[in-house]
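1. Sequence and predicted structure below; questions after.
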Amino acid sequence: MMPLPGWLLKEERYRPGRDRDAFLDRSIHAFLGVLARGRNLGAPPRTRTDPLVKTVAAFLLLLLVSLTRSAAFLALAGTGLLVLLALQKARLIATVLRTSLAVAACTALLLVPSVCWGLGRGSALIVMKVLLSAVTVQLLAGTTAPAALAETAKRLGAPDLCILICALALEYISLLGGFALALLEALKLRSVGRNAGKADSLSAIAGTLFLKSKEMAEAMHDAMVCRGFTGEYRTARLRLGSRDFVLGGAMGLLALAYLRSRL
Amino acid sequence: MIELSGVSCSYGAGDVLAEIDLRIGRGDAVAIIGPNGCGKSTLLKCLNGLVPVRAGSYRFDGAEVSRDSLRQPGFAKRFHQRIGFLMQNSDAQLFCPLVYDEIAFGPRQMDLGEAEVARRVEDCLGLLGIGPLRSRVPCLLSEGEKRKVALASVLALNPEVLVLDEPMNGLDPRMKGFLRDLIITLNGSGKTVLCSTHDFQYIEGAFRTAVVLGEDHRVARVGPYQEILRDEAWLRAQNII
């Protein structure tokens, strides 16, 4: 082995200069927060309602909410969603409400100019619609496992390739998040002074992340093929229970209420 | 140099490090060993200020390392220059377009001047035997080459403390032997070395002290490395061998 160079044997007399890189800390904290939430939430709780019924009900609700112009109908749909939300675990309720209210608040902010132009009622309806849609989607995602959503997509006739892409993306959100966090941490550890090319460092991280995601997706696809995956998703037999009929009935009544509000 | 008193860390629910008491002197060579999932990597991340201390205190060369002190840019940058970290996953440590830029990344920020930066990069390339890789893309290298480039990028900062997280993982026996010799040489030159590992046969003679973490995420034992390694019955009881 080569002898150590002289500078490596001396203590470094270095005083860091001033530089602004709070964005690195903020990005790391944001990634840590998302990953910690993912870890804490764990697998979605199993519900006895069939994922297909839940998905169809969610899509129907999204459709009716987006089509309606009646505040009374939105209030009715909102009441139904609140009842469903109240039946979930406290942590899921908190997550759904926090995110949905944040999305609705952002929408309200964007609509401030239209309120100033005297379109207050329409703006209020849009904010309500965004809030209900966000709650619906998050309730579906929070109570249905990704594998069940893939199976539902297959039952609804989605192409296998499309399901495969979505399943791989879902699988790797947390893994890639962890990898992105490690890259940001590595950048922070070696950001020991003035970095004139912060943007270059971040774009290099994005490039590395892109290459890594391609590599990981290929590896996972190979592993699936080795275990007998032929590119075709199979579905189990549909078994409906009393909860599915209750949810279906409630959606039927909501559809009737929508038709009545249009008359 | 490094003092941990009652340090606990967590990633949300449950502690991944519980009430860790540890003192590491300047120039020590310490192996961190323990079964999978006991918190070795978290301990090393905590020492590098990447995982915040939930309870207890961490002092580095007499200065408190906490969330607040790491928010002061001057302190954080000097701290990160003084303690170098080789991550377990070298892929995640390389983010520059070329090997040369990767090694020059730290020194360039230290206002050393391009001639001094070039000298450091060439010295590190030579020391690790990776001169021919200087114009290659880091993410397209082999596992062993990536590990060497990552180590070179850490050494170029001339840290006083080297923290290595399972550096032997995925390396061939020749490369493991090289890394062991490098650790001995660096420690002999006065660097403090902390290293988590399972490759006991390849680190023979490199460490004087061993810190054993138990499955309960606490320090199970601290003592002379050889003495602990000889106590096979105890190591087996701890699920380490």
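-> Received, thanks.
2. all helices in the chain, in order from the N-terminus.
-> You didn't pick a chain, so chain A it is. In chain A, helices defined by DSSP state H lie at A:6-9, A:22-41, A:51-67, A:71-86, A:90-110, A:112-116, A:120-143, A:146-155, A:160-190, A:198-226, A:242-262, listed in chain order.
3. nope, chain B
-> Using DSSP H, helices in chain B cover B:40-47, B:67-71, B:73-82, B:99-109, B:114-127, B:143-155, B:173-188, B:225-230, B:232-237.
4. Quick one: these as a markdown table, columns for mean pLDDT and mean neighbour count too.
-> The way it works is simple: take the backbone N, C-alpha and C, and place the C-beta from them, glycine included. Output for those, formatted as a markdown table (pLDDT from 0 to 100; neighbours: other CB atoms under 10 Å in any protein chain shown):
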| stretch | mean pLDDT | mean neighbour count |
| --- | --- | --- |
| helix B:40-47 | 93 | 23 |
| helix B:67-71 | 86 | 12 |
| helix B:73-82 | 88 | 20 |
| helix B:99-109 | 90 | 25 |
| helix B:114-127 | 93 | 18 |
| helix B:143-155 | 92 | 23 |
| helix B:173-188 | 91 | 17 |
| helix B:225-230 | 91 | 16 |
| helix B:232-237 | 89 | 12 |
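5. These into CSV, with extra columns for distance to A:L125?
-> Shown next, in CSV, are the helices of chain B (distance: least, CB to CB, whole Å):
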stretch, distance to A:L125
helix B:40-47, 49
helix B:67-71, 44
helix B:73-82, 48
helix B:99-109, 53
helix B:114-127, 61
helix B:143-155, 56
helix B:173-188, 66
helix B:225-230, 70
helix B:232-237, 67
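6. For the closest residue to A:L132 other than its chain neighbours, the count of nearby residues, please.
-> Of all residues not flanking A:L132 in the chain, A:V65 sits nearest, at 5.1 Å (CB to CB, 6 or more residues apart in numbering or on different chains). Close neighbours of A:V65, defined as other CB atoms under 10 Å in any protein chain shown, add up to 22.
7. ditto for B:I240
-> 22.
8. got the contact list for the closest residue to it other than its chain neighbours?
-> Spatial nearest neighbour of B:I240, chain neighbours left out: B:P35 (5.7 Å); criterion: CB to CB, 6+ apart. B:P35 sits next to B:E215, B:Q238, B:N239, B:I240 when contact means CB atoms under 8 Å, 6 or more residues apart in numbering or on different chains.
9. please redo it, this time with the cut-off set to 6 Å
-> B:E215, B:N239, B:I240 (CB atoms under 6 Å, 6 or more residues apart in numbering or on different chains).
10. Quick check: phi and psi at the second one.
-> Reported as degrees, to the nearest 10, the phi and psi values for B:N239 are phi 60, psi 30.
11. Distance check, the residue nearest to it when sequence neighbours are not counted against B:A237.
-> The shortest distance from B:N239 to any non-neighbouring residue, by CB to CB, 6+ apart, is to B:P35 (4.3 Å). Distance of B:P35 to B:A237, given as CB to CB, to the nearest Å: 11 Å.
12. ditto for A:L101
-> A:L101 is 52 Å from B:A237, by CB to CB.
13. hang on, the earlier thing: so what does the residue nearest to B:N239 have for phi and psi?
-> Dihedral angles for B:P35 - degrees, to the nearest 10 - are phi -70, psi 170.
14. and chain A, which residues reach chain B?
-> A:1-2, A:4-5, A:8-9, A:12, A:14, A:16, A:36, A:39-40, A:179, A:182-183, A:185-186, A:189-190, A:192-195, A:204-205, A:208, A:211 (CB under 6 Å from any CB of the partner chain).
15. go with 7 Å
-> A:1-2, A:4-5, A:7-9, A:11-12, A:14, A:16-19, A:36, A:39-40, A:179, A:182-183, A:185-187, A:189-195, A:201, A:204-205, A:208, A:211-212 (CB under 7 Å from any CB of the partner chain).
16. From the residues you listed, list just the buried residues.
-> A:4-5, A:8, A:14, A:16, A:19, A:179, A:182-183, A:185-187, A:189-195, A:201, A:204-205, A:208, A:212 (16 or more other CB atoms under 10 Å in any protein chain shown).
17. so what's the closest residue to A:G122 other than its chain neighbours scoring on pLDDT?
-> Closest residue in space to A:G122, ignoring its immediate chain neighbours: A:S114 at 7.1 Å, by CB to CB, 6+ apart. Reported pLDDT at A:S114 in the predicted model: 88.
18. partners of the residue nearest to the spatial centre of chain B in the sheet?
-> The centroid of chain B falls nearest to B:V163 when counting by CA atoms, centre = their mean (1.7 Å). B:V163 forms beta bridges with B:F85, B:L194, as assigned by DSSP bridges.
19. In contact with it: list those residues for me.
-> B:L44, B:L47, B:N48, B:I83, B:G84, B:F85, B:L194 (CB atoms under 7 Å, 6 or more residues apart in numbering or on different chains).
20. Can you tell me which of these lies closest to chain A?
-> B:F85 (5.6 Å; CB to the nearest CB).
21. how much space between that closest one and B:I24?
-> Counting by CB to CB - B:F85 and B:I24 are separated by 15 Å.
22. same thing with A:L82?
-> Applying CB to CB to A:L82 and B:I24 gives a distance of 56 Å.
23. who's more crowded, those two?
-> Taking other CB under 10 Å, A:L82 and B:I24 do not tie; B:I24 has more neighbours (21 against 10).
24. Which residue is the nearest non-sequential neighbour of the more buried one?
-> Closest to B:I24 by CB to CB, 6+ apart is B:I2, at 4.1 Å.
25. Please name the bridge partners of that neighbour.
-> Applying DSSP bridges, one finds that B:I2 bridges with B:I24, B:F60.
26. residues in contact with it?
-> B:I24, B:L47, B:F60.
27. In TSV: these, plus distance to B:I130.
-> Shown next, in TSV, are the contacts of B:I2 (distance: CB to CB, whole Å):
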residue	distance to B:I130
B:I24	29
B:L47	27
B:F60	30
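28. A:V130: which of those is nearest?
-> Using CB to CB, B:L47 comes nearest to A:V130 of those, at 45.7 Å.
29. number of nearby residues for B:L162?
-> 23.
30. residue contacts, it?
-> Here B:L162 is in contact with B:G84, B:L186, B:K191, B:V193 (criterion: CB under 7 Å, 6+ apart).
31. Among the helices of chain B, which comes closest to A:L240?
-> Of the helices of chain B, the one closest to A:L240 (CB to CB) turns out to be helix B:40-47, at 46.5 Å.
32. Measure how the closest one sits relative to helix A:160-190, angle-wise.
-> Here helix B:40-47 runs at an angle of 50 degrees relative to helix A:160-190 (axes from the mean of the first three to the mean of the last three CA atoms, to 10 degrees).
33. Find me the pLDDT at A:P45, would you?
-> Confidence score, pLDDT, at A:P45: 57.
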